[in-house]
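Enquirer: got a structure for you, letters missing:
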């Protein structure tokens, strides 16, 4: 009887170990992003977003050269995007990225509030939706503009994917 109980306990332990180790994450499941070759578009708080114009500005954050991006909705009304200040009346996208060509996977560590994120902004109530799933890829950086693409997601109502170009505005 003792042997039967012991055999059952050993079998149960081995099965438990097998189940626990087989439920681990796949390390080779591929990237958490899938860039679509289209104009940047998607939804922000369930509202349609289609990229129209964008600006970029070089800055330094904690000693690292970064680029700040402001990407505006196609229906946002302004005479000159470089004279525009603020977030306007339409949903928009903004984020920082290192000032070099490369792919930057999105993440957010809530214990340290660090990571690479994209803000999907809804001016109605000033809602900052923080996308931390996906990636941003900076494709080119010239003296006049930066091109890139992104797949950025928070949830089903907050996701954008596609290509964008931001221009450097001349400072007076």
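Expert: Looks like it arrived, so ask away. Quantities reported herein were computed from a predicted structural model and do not represent experimental measurements.
Enquirer: Distance from the longest strand seen in the chain to the middle of the chain?
Expert: Determined from DSSP state E, the single longest strand within the chain is strand 47-61. Mean-position distance between strand 47-61 and its chain equals 13 Å (CA atoms, centre = their mean, to the nearest Å).
Enquirer: Could you do stretch 60-67 as well?
Expert: The chain centre lies 18 Å from the centre of stretch 60-67; the measure is CA atoms, centre = their mean.
Enquirer: Any idea how far apart the tips of it sit?
Expert: 8 Å (CA to CA, to the nearest Å).
Enquirer: For that stretch, which residues meet the burial criterion?
Expert: Using 16 or more other CB atoms under 10 Å as the test for burial, stretch 60-67 gives 66, 67. From N, CA and C alone the C-beta is placed, and that goes for glycine too.
Enquirer: do the same with stretch 135-152
Expert: 135, 136, 137, 138, 141, 146, 148, 149, 150, 151, 152.
Enquirer: Where does the prediction get shaky in this structure?
Expert: Applying pLDDT under 70 to the chain flags residues 1-28, 85-87, 171-172.
Enquirer: and the next element down the chain from the longest strand of the chain?
Expert: strand 64-73 (DSSP states H and E).
Enquirer: Give me the angle between that next one and strand 47-61.
Expert: 160 degrees (axes from the mean of the first three to the mean of the last three CA atoms, to 10 degrees).
Enquirer: Direction included, what does strand 64-73 pair against?
Expert: strand 47-61 (antiparallel), strand 92-98 (antiparallel) (DSSP bridges).
Enquirer: closest one to residue 32 among those?
Expert: For the strands paired with strand 64-73, the distance to residue 32 is smallest for strand 92-98, at 16.3 Å, taking CB to CB.
Enquirer: next one: that closest one to chain centre, how far?
Expert: Distance, stretch centre to chain centre, for strand 92-98: 8 Å (CA atoms, centre = their mean).
Enquirer: Run through who's touching the helix or strand following that strand.
Expert: Per DSSP H and E, the first helix or strand lying C-terminal to strand 92-98 is strand 102-105. Residues outside strand 102-105 that contact it (CB atoms under 8 Å, 6 or more residues apart in numbering): 31, 32, 33, 97, 98, 116, 134, 135, 136, 137, 138.
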